[in-house]
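>>> Below are the sequence and a predicted model for it; my questions follow.
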Amino acid sequence: MNPLCLEHCLTETEKQHFEENGFLVVEDAIPQEMVEKLIVAVDRVGAEHLGKDELPPDASFNLLDFVGRDESFIELLDWHTTFPKVWGILGWNIKLYHSHLIVLPPLSAEERDKKRRLGWHQDSGRLNIELEGNPRPRVSLKVAYFLTDTSVPGRGNFSVLPGSQQFNQVEMPEESTADPENATPVFAKPGTAVFFDRRLWHAAGRNTSDITRKVLFYGYSYRWLQPRDNMTVEHVMERSDPIRQQILGKSTGGMGYTSPGEKDVPLRTWLQENLGSEAVAR
C-alpha cells in the first residue's frame, strides 16, 4: 500500500468532528488530473449503462457496482488521502461492500420553481429496522468523491442534518414541502471527499444550475456485512495486492469474516508494522 497513507491518518480533531457531526469534508483529496480522468470514466460507463454511444446531457441515473468498470475507480479504493481516515474510523477489519455513482442533471425549467422537500434518509435499508438500539450501530460509512463543482448553492448539493446519526428518527416540519431547520448543504469543489456515517440523515439537493452533478460513492463496512450490490470485482482480484484484495472482499472462508486470521486482514499487519501495536489494539 502507498506509504503516503501514513501522512493522512485521521487526526483527533477530524475524529471528534466526525463523531459529533456524522460527516467530514476533505478538500483536494484527489488532484485535478485525476478528477478529469474519473469524469471520462463516468461518462463512458454511464453511456454504456444507458446503451448510448455518448452520455446524453440530460442523463440522470444512480448506477450501482461501478467500481470494477474502470482502473481509475479501482485506484480510489485505497487512495492515500482518504483510506487512512476510513480505517481510522472503522478499524482494520474492513472492506468495500458497496459502490454507486450518481449523475444528476439540471432540473427542467418547469421543475425549478416547484418547492419540494428533499429526500431525507439513512443508508442501508433494513439495517435501520432490524438492528436494535438508539442510536443503532454505525456498521459502515461512505466516501463521496465530488467530480463537479458543488461549491455554491443550487447544484444538487449533498445536504445533511448535522449530528442526526445519533437518532433513529428525525422530525420533519408539518409543512410537507419544508426541510428541517438545521438542513445544511455541503459545498464541495471538484476533488473534495466527503465522509459520512451511514446513519446520518442526508439527501441530494435540487439542481437548479446549468451544471450536471457527478459524484462517486464508496461504501466501506466491517467485513462480515453482506455486500449491498453485486461487487463485480473478480477480474481485478488476482492483480491486486493483498490489502486491496481484503478491501475487495477476499476471505479464507466463512470464519475469516468474523474471526479473521492474518491472511484475512493484511491491513492489520501493515498497520502494526508501520504504526505500532496500538493501531491494531482492537
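Perfect, thanks for sending it. Bear in mind that the values here come from a model prediction, so they are computed numbers and not experimental data.
>>> Going by C-alpha atoms from here, please, whenever you check contacts or count neighbours.
Noted.
>>> quick one, strands of the stretch 101-250 of the chain?
Ranges of strands in the stretch 101-250 of the chain, per DSSP state E, counting those that start in this stretch, are 140-146, 158-160, 184-185, 193-197, 202-204, 213-222.
>>> neighbours around E132, how many?
Counted by other C-alpha atoms under 10 Å, the residues lying close to E132 total 10.
>>> Same check on N168?
16.
>>> And for L55?
Applying other C-alpha under 10 Å, we find 18 residues neighbouring L55.
>>> Run through the residues that contact the closest residue to it other than its chain neighbours.
Excluding the flanking residues, the one nearest L55 by C-alpha to C-alpha, 6 or more residues apart in numbering is A47, at 4.5 Å. Each residue near A47 by C-alpha atoms under 8 Å, 6 or more residues apart in numbering is listed here: 53-56.
>>> show me the residues around A178 that make contact.
Counting by C-alpha under 8 Å, 6+ apart, A178 makes contact with 116-117, 172.
>>> so what's the backbone phi/psi at the residue nearest to L55?
Torsion angles at A47 (phi, psi; degrees, to the nearest 10) stand at phi -60, psi -40.
>>> now the one 4 residues further on
Dihedral pair for G51: phi 70, psi 30, per degrees, to the nearest 10.
>>> on that earlier part again, if I look at the residue nearest to L55, how far off is L63?
Distance of A47 to L63, given as C-alpha to C-alpha, to the nearest Å: 11 Å.
>>> and S164, what does it touch?
21-22, 170, 199-201.
>>> rerun at 6 Å
Neighbouring residues of S164 by C-alpha atoms under 6 Å, 6 or more residues apart in numbering: 200-201.
>>> sorry, back to before: which of the contacts of A178 count as buried?
By neighbour count, with 16 or more other C-alpha atoms under 10 Å, the contacts of A178 hold R117 as buried.
>>> got CSV for the contacts of A178, with pLDDT and distance to P162 too?
Listed next are those as CSV, based on pLDDT from 0 to 100; distance: C-alpha to C-alpha, whole Å:
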residue, pLDDT, distance to P162
R116, 94, 21
R117, 97, 17
M172, 97, 15
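>>> what's across from L216 in the sheet?
Beta bridges link L216 to L101, Y145 when assigned by DSSP bridges.
>>> And it, what's its pLDDT?
On the pLDDT scale, L216 is placed at 99.
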